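# make a model of this:
(2 chains)
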Amino acid sequence: MGMPISHIMTSGMSGIRAAGDLVARMQLAKNMRIGEAKDYVAKKLDVTTDDLSDEYVMRELREDLGIGVITSVAGAPKGIAAKMNIEKLLGIDINCCEKFRGQLK
Amino acid sequence: MATEYKLRMGDGKRIFMTKEQIVADLKEGMADAADLGEIPELSEDEVDKLADIVTMPSRMVGVEQGKEVPVTHDIGTIRIDGDQGNSGVGIPSSRLVGAMMHERAFGADTMELGHIDYSYKPVKPVIAQEMQTMEVCQQNMIVPLLYGAMPNMGLYYTPDGPFPNPGDLMKAFKIQEAQEAMEHAAEHLTRDTVWIMQRLMSSGADGVNFDTIGAAGDGDMFASLHAIEALRKQYPDIYIEAGMAGELLLGLHGEMEYDGTVLAGLWPHQQAPLAAKAGANVFGPVVNTNTSKSSPWNLGRAVTFIKAAVEASPIPCHVNMGMGVGGIPMFETPTIDAVSRASKAMVEIAGVDGI
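You can find the predicted model right below:
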């Protein structure tokens, strides 16, 4: 358990504390290498690539964009709702969001 | 008296080395990788930087600000609730709880859902449960959530599976029969993996992690590459991570090919282009840790291999850095000083796209 946490603390992008999930998503969705993925996400968020790992910058920005934060915010998008906003932000389709939309009557 | 630095053996034991000994071991490990893989050695500047990282006085080190990379996970939630005497810490919890703990408490960039037996074959009897769990997790999670398991082709041989055991056949010099058993097993492994992922994709999975490809030799990789190819064809947007089991793909069959390339004996920089060709989005190269050598020896060797793989790969490389690979000591609770140094070295010198 300490091994993955050590990696996250040493090298990771802090997930939804910052913008690690967004950069990882572009790597996985579009085969983007690290520099390209960071540039793409930074441009979409209108921040610098350094800001993508900066919790101070990303906390408020994530809340404004409705793409999920780690703490409870009443009424804020969570789970699939947050991912639907991520779809729009990054210009990609996310499988579970597609499935969710397909279930609506 | 020369200054001595606190370091580790490949099994995690504390050792003390001088700077000269450290540099000598870094170079020896690097030369071993360059010789085996027929790849370039690190530059003098890179060796110096590795030595600087290894000798940093802090207990824990980190990458320079701005150089952070995403972290993907094998085993996933099982490391929370799993309790088999391995890396799981046995906290009674659901897999949803484990996934959300990683996302909201640990800062994970991605997460993985896996079955407690963690091979694809045993998922088949419990597929409905896996689908339900995937749906519930996807409803609550924000980070990319893959389904992960090991291809583990060994499960298709007697006494666990339907085909004769190639090891037994080879001992009886029945080489052709052994090869045929591997070919049959590979066909079933491809079919099972695709069947499982078809159902998990219908439940909203982001994609799949093939964890420890090649553990049962070249047939294991043959089957995995064909499964990747089939999944990419059916689901153009599926996220596929192809992680290896070891540095050298063992040629148990010896004659299996993918895209005209013989799989037996491939090193990480040769494996990466094949994973990309099959349709993977992210490749996970592996370098094994030698427990009888020092951490500088292992790190010099691992960084040399991985740097070559990163350069040869057309897709992002998330280096495997669990217990016993990627310069990490072979130990269930690897020390933070060793993990953080290896992690920093892989990002800043090997140039990995993720871990």
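
# run the chain-centre distance for the particular helix or strand that has residue A:3 in it.
Using DSSP states H and E, residue A:3 falls within helix A:2-11. Centroid separation for helix A:2-11 versus its chain: 19 Å, with Cα atoms, centre = their mean, to the nearest Å.

# the helix or strand following that helix and chain B in contact?
Beyond helix A:2-11 in the direction of the C-terminus, DSSP H and E gives the next helix or strand as helix A:20-30. Yes: Helix A:20-30 is in contact with chain B by Cβ under 8 Å from any Cβ of the partner chain, via A:20, A:21, A:23, A:24, A:25, A:27, A:28, A:29, A:30. All C-beta spots, glycine's among them, are computed from the backbone N, C-alpha and C.

# ok, the last one - how many residues close by?
Here the number of neighbours of residue A:30 (other Cβ atoms under 10 Å in any protein chain shown) works out to 17.

# in chain A, where is pLDDT below threshold?
For chain A, applying pLDDT under 70 flags the ranges A:1.

# center of it - which residue?
Per Cα atoms, centre = their mean, the C-alpha nearest to the average position across chain A is that of residue A:22, at 3.2 Å.

# list the residues that contact that residue.
A:41, A:44, A:45, A:52, A:67, A:86, A:89, A:90 (Cβ atoms under 8 Å, 6 or more residues apart in numbering or on different chains).

# mind checking how far it is from residue B:126?
Distance, residue A:22 to residue B:126, using Cβ to Cβ, to the nearest Å: 33 Å.

# quick revisit: list the buried residues in the helix holding residue A:3.
Using 16 or more other Cβ atoms under 10 Å in any protein chain shown as the test for burial, helix A:2-11 gives A:3, A:4, A:5, A:6, A:7, A:8, A:9, A:10, A:11.

# picking up where we left off before, just the buried residues of the contacts of residue A:22.
A:41, A:44, A:45, A:52, A:67, A:86, A:90.

# can you say which of the residues you listed are also within reach of chain B?
By Cβ under 8 Å from any Cβ, the members of the buried ones among the contacts of residue A:22 lying near chain B are A:52, A:67, A:86.

# burial of residue A:64, as a residue count?
Count around residue A:64 with other Cβ under 10 Å applied: 8.

# which two in the buried ones among the contacts of residue A:22 are spaced the farthest apart?
A:52 and A:86 (14.0 Å; Cβ to Cβ).

# residues from the stretch 151-300 of chain B in reach of chain A?
So the stretch 151-300 of chain B meets chain A at B:201-207, B:237-239, B:241, B:276, B:281-282 (Cβ under 8 Å from any Cβ).

# now for the least confident helix or strand in chain B by mean pLDDT, which elements pack on it?
None of the helices or strands of chain B scores lower by mean pLDDT, DSSP states H and E than helix B:78-81, at a mean of 90. The contact analysis (3 or more Cβ pairs under 8 Å, 6 or more residues apart in numbering or on different chains; DSSP states H and E) places helix B:78-81 against helix B:95-100, strand B:111-119.

# what lies in contact with it?
A:1, A:4, B:87-95, B:97-98, B:101-102, B:114, B:116, B:118.

# go again with 6 Å.
Helix B:78-81 is contacted from outside by A:1, B:87, B:88, B:91, B:93, B:98, B:114, using Cβ atoms under 6 Å, 6 or more residues apart in numbering or on different chains.

# go through those residues and name the one nearest residue B:319.
Relative to residue B:319, and with distances defined as Cβ to Cβ, the nearest of the contacts of helix B:78-81 is residue B:87, at 17.9 Å.

# return the residues in contact with that closest one.
residue B:79.

# check the one 4 residues further on too.
Residues in contact with residue B:91 (Cβ under 6 Å, 6+ apart) are residue B:80.

# how far away is it from residue B:106?
From residue B:91 to residue B:106 the distance is 13 Å (Cβ to Cβ).

# cool, and residue A:48?
Here residue A:48 is placed at a distance of 25 Å from residue B:106 (Cβ to Cβ).

# tell me which stretches of the stretch 251-355 of chain B form strands.
Listed in chain order, the strands found in the stretch 251-355 of chain B under DSSP state E, counting those that start in this stretch are B:257-258, B:261-262, B:282-284.

# cool, and the stretch 1-150 of chain B?
Counting by DSSP E, counting those that start in this stretch, the strands of the stretch 1-150 of chain B are B:4-8, B:14-18, B:111-119, B:145-150.

# buried deepest among these, which one?
Neighbour counts (mean count of other Cβ atoms under 10 Å in any protein chain shown) averaged over each of those peak at strand B:145-150, with a mean of 27.

# and it, C-alpha only, in PDB?
Written as PDB, here are the backbone C-alpha positions of strand B:145-150 (Å, rounded to 0.1, in the frame of the first residue of the first chain):
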ATOM      1  CA  LEU B 145     -11.300   3.400 -14.200                       C
ATOM      2  CA  LEU B 146     -10.000   0.300 -16.000                       C
ATOM      3  CA  TYR B 147     -10.800  -3.300 -15.500                       C
ATOM      4  CA  GLY B 148      -7.600  -5.200 -14.800                       C
ATOM      5  CA  ALA B 149      -6.300  -8.800 -14.500                       C
ATOM      6  CA  MET B 150      -3.500 -11.000 -15.500                       C
END
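
# just checking, next helix/strand downstream of that strand?
helix B:166-171.

# check which residues of that following helix are buried.
Within helix B:166-171, the residues scored as buried using 16+ other Cβ under 10 Å are B:166, B:169.

# just the residues contacting it, thanks.
Contacts for helix B:166-171 (Cβ under 6 Å, 6+ apart): B:177, B:178, B:181, B:182.

# could you export it as PDB, CA atoms only?
Output of helix B:166-171 as PDB, limited to C-alpha atoms (Å, rounded to 0.1, in the frame of the first residue of the first chain):
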ATOM      1  CA  PRO B 166       3.700 -28.000 -21.800                       C
ATOM      2  CA  GLY B 167       6.300 -28.400 -19.000                       C
ATOM      3  CA  ASP B 168       5.400 -32.000 -18.600                       C
ATOM      4  CA  LEU B 169       5.400 -32.600 -22.400                       C
ATOM      5  CA  MET B 170       8.700 -30.900 -22.800                       C
ATOM      6  CA  LYS B 171      10.200 -33.100 -20.100                       C
END
